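# fold the following.
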Amino acid sequence: MRMKVEEQHLAGIAFRGVETTAIRFRKGKVPSESASWPEILPKLAFDVRVEVSTEKDWCTVYVSCEFGGTEGWELATEVQGSFEIPSETDSTVGMDVFARRHALAILMPFLREAVASATSGTAMGPLLIPPINLVKLVQQAEAEEEAEEGAEADG
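Residues are numbered from 1 along each chain as shown. Prediction:
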């Protein structure tokens, strides 16, 4: 599903649109009549990927979540958002900082909606992703990137 939003400027950066790029949902066996989402999909993992142009005038940010569960339940979803600094504007925030901090906050409602839509036809109703500490999520992603870069440099 591609949603075209009217262009909006945030700190001099234009939001060009958002797209759900992947949804994989496999419904498994319901363990009991009183089963709830936390029982079925106990593991929640997020991933953030950022692509910034070498000129630092545009970026694409991918946010995904994966749930592995019991009794054969699975869910994986990804959304991507595109942002750019129009040539006629001066951005008050650098693209690197914007992509890693602000873009994630902009994209999370779209990820929540994709997950809720994918799961809305189940007996338990839609799965609603709870509030998440996005700063911590970004810090974890940055630490993992630094560790990978350090391992590549050593090996």
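# helix or strand: which one has residue 145?
helix 134-154 (DSSP states H and E).
# could you list the buried residues of that helix?
134, 137, 138, 141 (16 or more other C-beta atoms under 10 Å). Every C-beta, even on glycine, is put in place using the N, C-alpha and C of the backbone.
# so which residues of this structure form helices?
Secondary structure of the chain, counting by DSSP state H: helices at 37-40, 95-97, 103-119, 134-154.
# now the longest one against helix 103-119, angle please.
Direction vectors for helix 134-154 and helix 103-119, defined by axes from the mean of the first three to the mean of the last three C-alpha atoms, to 10 degrees, enclose an angle of 100 degrees.
# surely residue 27 touches residue 73?
Yes. Assessed by C-beta atoms under 8 Å, residue 27 is found in contact with residue 73 at 6.6 Å.
# circling back to that earlier point, tell me what the helix holding residue 145 is packed against?
The helices and strands touching helix 134-154, judged by 3 or more C-beta pairs under 8 Å, 6 or more residues apart in numbering; DSSP states H and E, are strand 43-52, helix 103-119.
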